[in-house]
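Chemist: Structure, please.
(chains A and B)
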Amino acid sequence: MSGVGIVMLVHTALDRAEQVARHWAASGCPVVIHADTNVPRRKYDRFRKALKDVDIIRFSDRHRCEWGTWGIVAATQSASEKMLREFPEVRHVYLASGSCLPLRPVQELIDYLADRPRTDFIESATTADVPWTVGGLDSERFTLRFPFAWKRHRLLFDGYVRLQRRLRMKRRMPNGIIPHMGSQWWCLTRQTLSAILQDPERATYDRFFRRVWIPDESYFQTLTRLYSQHVESRSLTLSKFDFQGKPHIFYDDHLQLLRRSDCFVARKIWHRADRLYEAFLTDEAHAMKRTEPNPGKIDRIFSRAVERRTRGRPGLYMQSRYPRKSWENGLTGAKYSVFQGFSEIFEDFETWLARTTGCKVHGHVYAPDRVHYSGDQSVINGALSDSAAIRDYRPRDFLTNLIWNTRGERQCLQFGPHDEQGAALSMSRDPNAQISVISGAWAVPLFQSNRNFADLRAEAAALQKIENDFLDMLRAPQAKARVRIWSMAEFVENPMEPLQTVIDELGARNARRLTEAPKMVNLTGFGQFLQNLKNQGMHPYLMGDFPVDPPASRPQPGRPRKPYLVKK
Amino acid sequence: MSIVSSYRLRLQRRRWLIRAVRKRRELTPVANRTRQIRRSDVLLFCTLRNERIRLPYFLDYYRRLGIGHFFFVDNDSTDGSAAWLADQPDCSVWTARRSYKRARFGMDWINWLLLRYAHGHWALTVDPDEFFIYPFCDTRPIQALTDWLDASSIKSFSAMLLDMYPKGRVDAQPYREGQDPLEIASWFDSGNYVIQRNARYGNLWIQGGPRQRVFFPDAPELAPALNKIPLVKWERKNTYVSSTHMLLPRGLNLVYDEWGGEKASGLLLHTKFLDTFTHKAKEELDRRQHYNASVEYRAYADLMRDDPELWCKWSEKYINWRQLEILGLMSKGNWA
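Modeler: Now for the predicted structure:
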């Protein structure tokens, strides 16, 4: 018989518990099993009978184990007492559950503990120092009373906690002990464990912990500190907890992962994970070849799962992630740029931008006739349609879909007051958006068009109003986008500098100085056009001050302006 | 939510339940093997009409997933579906001759069977052309999922409808009995779904996919709803309100996270668009038994006459659930 005794708490899947108990016993470890009183009589009797042939498997008195209550501690106490009493050669007692599975040959555990005869393995940290607790109860676990079961009497539980907080009720720790918490699964030496169980003050401690919340995570963790000569504050049992404090469950497909764990025991195993039980419950001769331990990998997988559940993927809207306003943690999935007025002022802005930056440059995606995708495609990534009706049905969803579908490639969109404005507000509040506006540039197409002046005047007034509203959104305190606004007059005066700023911010691959500028449209007579609008009583103010007559120093009218070069 | 509106919903829930009880008379049992059901069985509920050719693979798929017992309501099939199902050892079959539409598209019948047989079980309600997938479905049976949901105190599980379609004409490749329909209809739209919250019932209303893209480019609001909650830990007080899109009590519709996180969810791969569809669309149009004056089927019939192709350059080819997870159509949530 070995010096390691196993105390096993079981409540369901008794067939698996039997299998594991036999496995421990086969290596000479005595096992004391505690079965929850919730297990029906007949099942329990059958379970006991099935294990009758193994002499070193015993059963302890039964308690009712409800999660978060004293029962589990009482069960552990009874079973441990029986273990210490009936197996005098046991030096270490290992607390395990029915859904625990030994990952390494039992002999390795026996040897490991034999080398450390005075060490208690129990995760035990003071309440102030651990961030694990879920639901806001940490130090209050000890200072309040918890007579109601959380799972069955949620309202009473919460109400009583509130009441105690309001009345400022507080309990004092008996004998000034310092509360510690940690994983429920430990491995203690006979010395420490018997000191706890035979303490003359035990009745006092028991009375106190009976009303503590989740005492199985604090009773032994606290009292060990009183007696242990050498506490190693970690659990030998691998168990991962999710964001609600429930243990993660291991399945067949975790086999390779578990083989790379360096822990002795894993919890908790799904009771129908046949492959896991087959692979790990074998004798040494059949055990799989050991692989290099890599416990970090398990850690990463489970912490990523928690992250996904609590933070999610930014910019994703789907059937099981639909954040409320301002809880999106990123309105869209990636950075993108919105240009207003650029394609009006430059003849070839879109092709130029694509060539200079290597980004995906779309036309006016919110244009009234259809979505103008880059390359004039009718469908784009994610089978997003170019139908204006579909887009305008849910304009914000169109934007978030477009950005989500093309994540990994920077998107540039043209926007303007002609376009459907449904997504404008969302864009202005999106930190991923880089919005550059040349205000008043919408007048250029009107200026170039050959239409009746009365129509032009009406349209100019409407467009100016729309653009003004958009600028108000961009200047509002709630705006989170990275915004740059130039009036058209200001921009035309010196176009290279603003262009360079925008391109730099775009994080283009070739962050060089611009050597080639897009070609500006011919603006001769534009000042007069604006003056005509003014004369008709419509006041165009968004484009800034345009002189009616070009001064003599300006390029001669009639001669098209050449693309200019900037020296390096 | 005010007390008044919550009381209204309660009345409405009662009404659907009473209606289900009343409509039970329309069901005639053909084979009732419900005594075989064990306590831990996951049950499947399905209404069908003339789907004989699909049934062998359907049963095969869900048996492999770990379904314990099948409930079928046969709505007046003429192709021997009911007789074939009645021979299966794990199926219970009822026939209903009366109107599918008057039974709220079969939901009253299903609600009755759920009420009568599903209490305390996990119940999966699907159509014969829907294939349920969930995270890790290639390595873990459905009991792994339901056990985990139980342990996490989750009572309902979302699975959006994902329309699958073939490349080329929908009717180009004939479907053979027993064949995996995903071999033919293996393409889908990955990123054109739009969502709105339904303030009254608390569920999400999802539209999009190839049906919106191809059939309703000018009237997107008419595109069918794709949100579904097919897997529910059933209690007597539960009732489906409209297809499996939403339930009462409202809490069951909260299958999505509102604070930025992702809950676990699956998908229903919808293999409606096979060569059988062209014929079926015509038949259903004549029967006029579908939702919203069968507007959907009228649109299909029009389009199918000219150029029945749903595939486009940006269609995605189905590989496995992990692909769909990465695309953001479903999520593992905190199940690892």
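Chemist: Around residue B:134, count how many other residues there are.
Modeler: Residue B:134 has 22 neighbours, counted by other CB atoms under 10 Å in any protein chain shown. Every C-beta, even on glycine, is put in place using the N, C-alpha and C of the backbone.
Chemist: Residue A:70 now?
Modeler: Residue A:70: 21 neighbours (other CB under 10 Å).
Chemist: Residue A:395 - nearest residue in space that isn't next to it in sequence?
Modeler: Sequence neighbours aside, residue A:422 is the residue nearest to residue A:395 in space, at 3.0 Å (criterion: CB to CB, 6 or more residues apart in numbering or on different chains).
Chemist: quick one, what contacts that neighbour?
Modeler: Counting by CB atoms under 8 Å, 6 or more residues apart in numbering or on different chains, residue A:422 touches A:366, A:392, A:395-396.
Chemist: Could you tell me which of those count as buried?
Modeler: For these, a neighbour count by 16 or more other CB atoms under 10 Å in any protein chain shown gives the buried set as A:366, A:395-396.
Chemist: In helices, which of these appear?
Modeler: A:395-396 (DSSP state H).
Chemist: Could you dump the buried ones among the contacts of residue A:422 into JSON lines and include distance to residue B:37 and pLDDT?
Modeler: What follows is those, written out as JSON lines (distance: CB to CB, whole Å; pLDDT from 0 to 100):
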{"residue": "A:366", "distance to residue B:37": "55", "pLDDT": "94"}
{"residue": "A:395", "distance to residue B:37": "49", "pLDDT": "93"}
{"residue": "A:396", "distance to residue B:37": "46", "pLDDT": "93"}
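Chemist: Closest to residue A:518 out of the buried ones among the contacts of residue A:422?
Modeler: residue A:366 (21.8 Å; CB to CB).
Chemist: And residue 258, what's its pLDDT?
Modeler: Defaulting to chain A. If you check residue A:258, the pLDDT there is 87.
Chemist: ah, no, chain B please
Modeler: Here the pLDDT value assigned to residue B:258 is 92.
Chemist: Ok, residue B:197 next?
Modeler: 93.
Chemist: mind checking the backbone torsions on the residue nearest to it when sequence neighbours are not counted?
Modeler: Nearest non-adjacent residue to residue B:197, counting by CB to CB, 6+ apart: residue B:204, 5.9 Å away. Backbone torsions of residue B:204, given as degrees, to the nearest 10, read phi -90, psi 150.
Chemist: quick one: contacts for residue B:204?
Modeler: Per CB under 8 Å, 6+ apart, neighbours of residue B:204: A:319, A:322, B:195-198, B:227, B:256.
Chemist: gap between it and residue B:331?
Modeler: 13 Å (CB to CB, to the nearest Å).
Chemist: re the thing from before, show me which of the buried ones among the contacts of residue A:422 is closest to residue B:180.
Modeler: Among these, and counting by CB to CB, the member closest to residue B:180 is residue A:396, at 37.8 Å.
Chemist: Would you check that the closest one makes contact with residue A:429?
Modeler: No. Look at residue A:396 against residue A:429 with CB atoms under 8 Å: they stay out of range, at 10.5 Å.
Chemist: Would you tell me which residues of the stretch 201-350 of chain A are close to chain B?
Modeler: Counting by CB under 8 Å from any CB of the partner chain, the stretch 201-350 of chain A comes close to chain B at A:242-244, A:246, A:248-249, A:251-253, A:270, A:272, A:301-302, A:304-306, A:308-313, A:316-324, A:327-329.
Chemist: continuing past the host helix or strand of residue A:296, what's the next helix or strand?
Modeler: Taking DSSP states H and E as the criterion, residue A:296 maps to helix A:295-310. Next helix or strand after helix A:295-310 toward the C-terminus (DSSP H and E): strand A:336-340.
Chemist: elements contacting that following strand?
Modeler: Strand A:336-340 sits against strand A:411-415, strand A:433-439, with contacts defined as 3 or more CB pairs under 8 Å, 6 or more residues apart in numbering or on different chains; DSSP states H and E.
Chemist: Just the CA trace of the following helix or strand past that strand, in CSV.
Modeler: Toward the C-terminus, strand A:336-340 is succeeded by helix A:342-345 as the next helix or strand (DSSP H and E). The C-alpha coordinates for helix A:342-345 follow below in CSV (Å, rounded to 0.1, in the frame of the first residue of the first chain):
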residue,chain,number,x,y,z
PHE,A,342,-12.1,64.5,-52.7
SER,A,343,-13.4,62.8,-55.8
GLU,A,344,-15.3,66.0,-56.7
ILE,A,345,-12.2,68.1,-56.6
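Chemist: average model confidence for helix A:342-345?
Modeler: The model assigns helix A:342-345 a mean pLDDT of 91.
Chemist: List the contacts of that helix.
Modeler: By CB under 8 Å, 6+ apart, the list of residues contacting helix A:342-345 reads A:349-350, A:353, A:363-364, A:414, A:416, A:436, A:438, A:441-442, A:444-445, A:488, A:491-492, A:495, A:520-521.
Chemist: I am finished for the moment; much appreciated.
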